[in-house]
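>>> Turn this into a structure:
(one chain, ligands or ions: 1)
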Amino acid sequence: MLNTPAFVVDTLALTRNAAILREVAERSGARMLLALKAFSMPAAAPYLYFEGTCASSVHEAMLGMEAFGGEQHAFAAAFSEADMRALMQLGIHHVTLNSFAQLRQWRRIAAELGHTSTQIGLRINPEHSEGQVPIYDPCAPHSRLGIRKVAFEGEDLSDISGLHCHNLCEQNADCFARTLKAIEEKFGDLLPQIKWFNFGGGHHITRDDYDRELLISTLQEFHKRYPHITYYLEPGEAHVLNAGTFVCRVLDVVENAGPIAILDGSAACHTPDVIEMPYTPRVFTDPHWSGESMPSPTALRAGQPGEHAIDVRLAGPSCLAGDCFGDYSFDRVPAPGDLLYFEDMALYTMVKTNTFNGIHLPDLVLRTAPKTFKVVRTFGYEDFRSRL
Ligand SMILES: Cc1ncc(COP(=O)(O)O)c(C=O)c1O
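Below you'll find the predicted structure:
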């Protein structure tokens, strides 16, 4: 019996995603990295397919080296001087810098430390938007992410071995193909002189309707044009898509223009993207749940409001009025003690949790076989206190 709330990561689903990513990497020639920002549970590493990781900070880089292995890449909108020193001391293999001022700072520190082993790349902004939502569009007007072509004028690129472009968010291969075209149009003159290109994340490669053949052929064509360039993909979500469940228990049901079920899981503390993005996660109930991340035939999926007999709002226990997962409909109002299962909850969840209100952090659990659970981590008062 699991304690709640809990994030349950289904290793069988991870293995399925890993097989897809492996095939894409092998056929396209891309080296596949894991973006640790989306998911970085060390216990799950053996079930993933990656040739290295990309970090957004020194701490993620340390974790990548300690728990994941392979090639270590790092990018941040800006690194402090201390961050740069730490990355060099860690021996990071690739660093991607976001401005020429950062590049000059890196060069100065590297010269002082005699550090030469890191491959240096620059993040570019191809000024080509594929995203509809500005906060997830690195090419939106006024974006701070990536260097625009105009800023390259007169700069010394002698020690630059690679370029990086992250332009997608949960997108299909057609978006990547158009982005690549924009990159080649704008930055084509730099491609003969670089050794590697990192095409970022946001490629939803493991999604059912993702056009993997288009991704593979687009990369194969790129390779024909630039055989000297090693290219990387660094998805996060695609590694763990549909591979995790957030298990919550109903604590109480209150009434205000309809029933509101208050859960022991909090949208604000445990799944902040539900509020930030925002989105309404899929939910199901299943008295025979085996831990599978996708609902089984015995599961009852919560509907949209109006679809089933009764509309119910699912909400968290915190003081935040907006701590809500969303409005759903069920055949009956969930009762205190009932378990509810939120789908697709491995990505951008446990990496983003917080202890606002002192609310208990969810257990982290691996499901290794049907009805077989391994509790990897539980949290208590000390985890709350030690951060304050
Ligand atoms: C630079 C960079 N790389 C990789 C990723 C991972 O993206 P995703 O998890 O959507 O695949 C992100 C996400 O924001 C990113 O900013």
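
>>> Kindly list the longest strand within this structure.
Longest strand in the chain by number of residues (criterion: DSSP state E): strand 244-255.

>>> Can you give me the neighbour number for E66?
E66 has 10 neighbouring residues, counting by other C-beta atoms under 10 Å. (Each C-beta comes from the backbone N, C-alpha and C, glycine too.)

>>> That one falls within a helix, correct?
Yes. Secondary structure assignment places E66 in a helix (DSSP: H, G, I helix; E, B strand; the rest coil).

>>> ok, the closest residue to A299 other than its chain neighbours to E343 distance?
Computed as C-beta to C-beta, 6 or more residues apart in numbering, the closest residue to A299 that is not its neighbour in sequence is D286, at 3.9 Å. Here the distance between D286 and E343 works out to 11 Å (C-beta to C-beta, to the nearest Å).

>>> what touches both of these two?
Between them, D286 and E343 have P295 as joint contacts when contacts are counted by C-beta atoms under 8 Å, 6 or more residues apart in numbering.

>>> Test for you: state the pLDDT assigned to M1.
In this model, M1 is scored at 81, pLDDT.

>>> Could you report the neighbour count for it?
Around M1 there are 4 residues (other C-beta under 10 Å).

>>> Let me see the contact set for it.
Residues touching M1, when contacts are defined by C-beta under 8 Å, 6+ apart, are absent altogether.

>>> Can you classify N354 as helix, strand or coil?
Under the three-state scheme (three-state DSSP), N354 adopts coil.

>>> my guess is it meets C269, correct?
Yes. Taking contact to mean C-beta atoms under 8 Å, the distance of 5.4 Å between N354 and C269 places them in contact.

>>> Just want to know which of those two has more residues nearby.
When N354 and C269 are compared on other C-beta under 10 Å, the one with more neighbours turns out to be C269, at 24 against 13.

>>> ok, now how distant is the closest residue to that one other than its chain neighbours from D338?
What sits nearest to C269 in space, not counting adjacent residues and going by C-beta to C-beta, 6+ apart, is I359, at 4.8 Å. Look at I359 and D338: by C-beta to C-beta, they are 20 Å apart.

>>> Neighbour count for those two, which is higher?
For I359 versus D338, neighbours defined as other C-beta under 10 Å are more numerous around I359 (22 against 17).

>>> Also compute the angle for the longest helix seen in the chain relative to strand 244-255, please.
Looking only at the chain and at elements set by DSSP state H, the helix with the highest residue count is helix 11-28. For helix 11-28 against strand 244-255, the angle by axes from the mean of the first three to the mean of the last three C-alpha atoms, to 10 degrees is 130 degrees.

>>> Check which helices and strands helix 11-28 sits against.
Under the contact criterion of 3 or more C-beta pairs under 8 Å, 6 or more residues apart in numbering; DSSP states H and E, helix 11-28 touches strand 31-35, helix 212-225, helix 237-240, strand 363-369.
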